[in-house]
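model the following, please.
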Amino acid sequence: MKEYNHKEGVVGETLAQKYLKKMGYKIIECNYSNLIGEIDIIAKQKEYFVFIEVKARGTYAFGRPCEAVTPYKQNKIRKVAQIYIKQHRIFNAPCRFDVIEVLGEKINHIENAF
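Okay, the predicted model is just below:
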């Protein structure tokens, strides 16, 4: 089951990256990680740095993909982003946190998700 979820996640992240590029985002980094955790995609849209969590599912059997981005996960992503901001000295740039749901080939981009 874990291997299937990993493959599904990789496919979802690839589809999300293609979608973002098509929408004019510049992909800065993928799978950025530090000791606290990981951010799937860091992108730039105009002046915004966008920290993106990608959730891919094959069906709605376990609910909407975005429902897996719990308050605990959101807090973890924020902490990882804070370290990224410090490391790259982007203190004055506006930032936001998005979620991209991938269900099969369908993409739902939730801007300012948390």
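
tell me where this structure has helices.
Listed in chain order, the helices of the chain (DSSP state H) span 2-22, 71-88.

average pLDDT for the longest one?
In this model, helix 2-22 has an average pLDDT of 80.

please apply the same query to the last one.
Helix 71-88 shows an average pLDDT of 97 in the prediction.

identify the residues contacting that helix?
Helix 71-88 has contacts (CB atoms under 8 Å, 6 or more residues apart in numbering) with 32-34, 36-39, 42, 49, 51, 53, 91, 95, 97, 114. To be clear about C-beta, it is placed using only N, CA and C from the backbone, and glycine gets the same treatment.

closest one of those to Ala68?
Closest to Ala68 out of these is Glu53 (8.9 Å), distances taken as CB to CB.

run a quick neighbour tally on that closest one.
Glu53 has 25 neighbours, counted by other CB atoms under 10 Å.

any idea how far Phe91 is from it?
In this view, Glu53 and Phe91 are 22 Å apart by CB to CB, to the nearest Å.

and what of Glu105?
Separation of Glu105 from Phe91 (CB to CB) stands at 38 Å.

now do Ile100
Distance, Ile100 to Phe91, by CB to CB: 26 Å.

Tyr32 is in contact with Phe49, isn't it?
No. Contact status for Tyr32 versus Phe49: not in contact, 11.4 Å apart, counting by CB atoms under 8 Å.

between these two, what contacts are shared?
Counting by CB under 8 Å, 6+ apart, the common neighbours of Tyr32 and Phe49 are Ile42.

re earlier: higher neighbour count, Ile100 and Phe91?
Just comparing Ile100 and Phe91: by other CB under 10 Å the higher neighbour count belongs to Ile100, 26 against 7.

correct me if wrong: that one contacts Gln17.
No. Using CB under 8 Å as the test, Ile100 is too far from Gln17 to be in contact (9.5 Å).

what do these two both touch?
Ile41.

burial of Ile42, as a residue count?
The number of residues packed near Ile42 is 21, by other CB under 10 Å.

same deal with Gly104?
Residues contacting Gly104 under the criterion other CB under 10 Å number 12.

same question for the one 10 residues further on.
For Phe114, the tally of surrounding residues (other CB under 10 Å) stands at 16.
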